[in-house]
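Peer 1: One predicted model, sequence on top.
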Amino acid sequence: MVIIMKTGATGKEIDAVVARIESMSFRAHAIYGEERTIIGVVGNDRPLDRTIFETMTGVETTVPILKPYKLASREFKKENSIISLFGNGTGVKVGGEDIVVIAGPCSAENRQQVLETAHAVKEAGAKALRGGAYKPRTSPYSFQGYGEEALKWLAEAREQTGLAVVTEVMAAEQVPLVSQYANVLQVGARNMQNFYLLNAVGMSMKPVLLKRGMMSTVEELLMAAEYILSNGNYNVMLCERGIRTFETSTRNTLDINAVPVLKKLSHLPVIVDPSHATGKSEYVTSTSRAAIAAGADGLIVEVHPDPSSALSDGAQSLTPEQFGDLVRQTRRIAQAMDRQI
C-alpha cells in the first residue's frame, strides 16, 4: 500500500503516520517529493485496513500496490528514479535525460591497462569506468581477478579521470572492502538471487547495478531489486545483459523487449550490457544502438587496449577506437529521441 500525504503535510504528521505503520509491525518507506510525500507500507502479507490511515491528519488518500515487488513498482513511485553514481546526489546521474555510458575492461589486469583504458573511454564520452577485481568464472581454473590490488588501480583511475568506478562484488563479506574503493557495487547475473548479498549491498547504501540472471524473468529481476530497496537503499539500477535461449550464434540473447517492459513496470533506471548479451565485439555497436532506441538509460560496454591479449572476455571487448565509434553512433540515436550522451 502507498499512503499519499497532502500537499504541505507537516513533518509531525508524516512522523505520526510512520509511527502508526511501525506499531503494526510493518515497515515504512517514505519518499519526500517537492510538493508532497508518499509512504510505502511493506513487511508481510497480512491484510491491512486502509481506513486506519485515511482518517489520520495530513493523509490525502491510500492506494493498494498489487505487484509482488512493492518498492520497485510504478505504483509506489510514478516518476523515474534518478541515481547519482557518486551516491551524494551530485555528479553523474542515471535515469534522467542524459544517457550514461559505462566502459572499461572485463578484468583489471594491471595498473597500466586500467589507467590507459580509463583515459581512452573518458575521452570518447564514458562517464564511468567498469573493471573486474573479482571475477566469477565458470571454470575454477580460469583467471579470478586480482582483488584489492585491482580495486586500488580502479580508484587511482578515478582520481586521474573523474570517472565513477563500477565493479562487481561477489559475496556479502566483500561488500565493506569493495565499498571503500568503488562508487557503484555491481551484482552479477550469477548472483542475482544471492539474497544474502542483496541484503548486504542494500544495507551498504551504495548505488547498485543489478544484472538480470541469464535464466531469470523480468519479475524475478524486480523481486531481486526489492531485496535491496527493502533495506532502505533506493539507489538501484537494473541491467539487461542477455538471457540464455536455444540460440547459439551469440553468447546470450539480448532481450530488447525487457527495456520498455521494465520502464513500464518500474521507476528504476535500466542499463543494457551489449557485450555480455552478444559475446562478440562485432555485434556490440548495433545492439547498443537498439538499446538506446528502445529507451535504455545507459550502456555498460567492455573495452580493452588489446582485446586479443585480454585475460577474460577478449572476444566481446571493443578497442578504444571501436568504442569511440559506438559513442558517436549512439549519440545520434539519443539526439533523435530528445536525449543526449
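Peer 2: That came through fine.
Peer 1: can you give me the strands for this structure?
Peer 2: Using DSSP state E, the strands assigned to the chain run over residues 2-5, 27-32, 37-42, 59-63, 83-84, 93-94, 100-104, 128-130, 164-168, 184-187, 208-211, 236-240, 270-272, 298-302.
Peer 1: What's the local residue count around H267?
Peer 2: 22 (other CB atoms under 10 Å). Where C-beta positions appear, they are placed from N, C-alpha and C, glycine not excepted.
Peer 1: Quick one: residues contacting it.
Peer 2: Contacts here follow CB atoms under 8 Å, 6 or more residues apart in numbering; on that basis H267 touches 72-74, 76-81.
Peer 1: Tell me how many other residues crowd the residue lying closest to S288 once chain neighbours are set aside.
Peer 2: Computed as CB to CB, 6 or more residues apart in numbering, the closest residue to S288 that is not its neighbour in sequence is P274, at 4.9 Å. Using other CB under 10 Å, the number of residues around P274 comes to 29.
Peer 1: If I follow the layout properly, P274 ends up in contact with S281?
Peer 2: No - the criterion here is CB atoms under 8 Å, and P274 misses it with S281 at 9.8 Å.
Peer 1: Buried ones in the longest helix along the chain, by neighbour count?
Peer 2: Using DSSP state H, we find that the single longest helix of the chain is helix 320-336. Using 16 or more other CB atoms under 10 Å as the test for burial, helix 320-336 gives 320, 322-324, 326-327, 330-331, 333-334.
Peer 1: what residues are up against the nearest residue to D297 once chain neighbours are set aside?
Peer 2: Spatially, and ignoring its direct neighbours in sequence, D297 is nearest to P269 (4.2 Å; CB to CB, 6+ apart). The contact partners of P269, by CB under 8 Å, 6+ apart, come to 80-83, 94-95, 237-238, 297-298.
Peer 1: Quickly name whichever of these is closest to M215.
Peer 2: Closest to M215 out of these is L238 (16.4 Å), distances taken as CB to CB.
Peer 1: Between the two ends of stretch 103-121, how far is it?
Peer 2: Start-to-end span of stretch 103-121 (CA to CA, to the nearest Å) is 6 Å.
Peer 1: List the buried residues of that stretch.
Peer 2: By neighbour count with 16+ other CB under 10 Å, stretch 103-121 contains the buried residues 103-109, 113-121.
Peer 1: what does stretch 23-34 give?
Peer 2: For stretch 23-34, by 16+ other CB under 10 Å, it's 26-29, 31.
Peer 1: what would the residues you listed look like in JSON lines with pLDDT and distance to S216?
Peer 2: Putting those into JSON lines (pLDDT from 0 to 100; distance: CB to CB, whole Å) gives the following:
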{"residue": "F26", "pLDDT": "90", "distance to S216": "28"}
{"residue": "R27", "pLDDT": "90", "distance to S216": "25"}
{"residue": "A28", "pLDDT": "91", "distance to S216": "29"}
{"residue": "H29", "pLDDT": "92", "distance to S216": "24"}
{"residue": "I31", "pLDDT": "86", "distance to S216": "27"}
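Peer 1: quick one on the thing from earlier: now, which of the buried residues of stretch 103-121 lie within helices?
Peer 2: Short answer: the buried residues of stretch 103-121 in helices (DSSP H) are 113-121.
Peer 1: For R130, give the beta-bridge partners.
Peer 2: Per DSSP bridges, the residues bridged to R130 are V166.
Peer 1: you'd agree H29 is up against K77?
Peer 2: No - H29 is beyond contact range of K77, at 9.8 Å (criterion: CB under 8 Å).
Peer 1: Give me the buried positions along stretch 62-74.
Peer 2: 62, 65, 67, 69-74.
Peer 1: from the chain's centre, how far out does it sit?
Peer 2: With CA atoms, centre = their mean, to the nearest Å as the basis, stretch 62-74 stands 20 Å off its chain's centre.
Peer 1: swap in stretch 256-269?
Peer 2: With CA atoms, centre = their mean, you get 12 Å for stretch 256-269.
Peer 1: Also stretch 313-324?
Peer 2: Centroid separation for stretch 313-324 versus its chain: 22 Å, with CA atoms, centre = their mean.
Peer 1: Quick one: residues contacting the residue lying farthest from the centre of the chain.
Peer 2: Distance from the centre of the chain peaks at T55, with 37.9 Å (CA atoms, centre = their mean). Taking CB under 8 Å, 6+ apart, we find T55 in contact with no residue.
Peer 1: ok, it to T61 distance?
Peer 2: From T55 across to T61, the span is 12 Å (CB to CB, to the nearest Å).
Peer 1: got it, and G131?
Peer 2: For G131, the distance to T61 (CB to CB) stands at 47 Å.
Peer 1: And these two? Which one has more around it.
Peer 2: For G131 versus T61, neighbours defined as other CB under 10 Å are more numerous around G131 (28 against 12).
Peer 1: gap between the more buried one and E156?
Peer 2: Taken as CB to CB, the span from G131 to E156 is 11 Å.
Peer 1: Show me whatever sits in contact with both of those two.
Peer 2: V114.
Peer 1: where are the low-confidence patches of the stretch 1-150 of the chain?
Peer 2: 45, 141 (pLDDT under 70).
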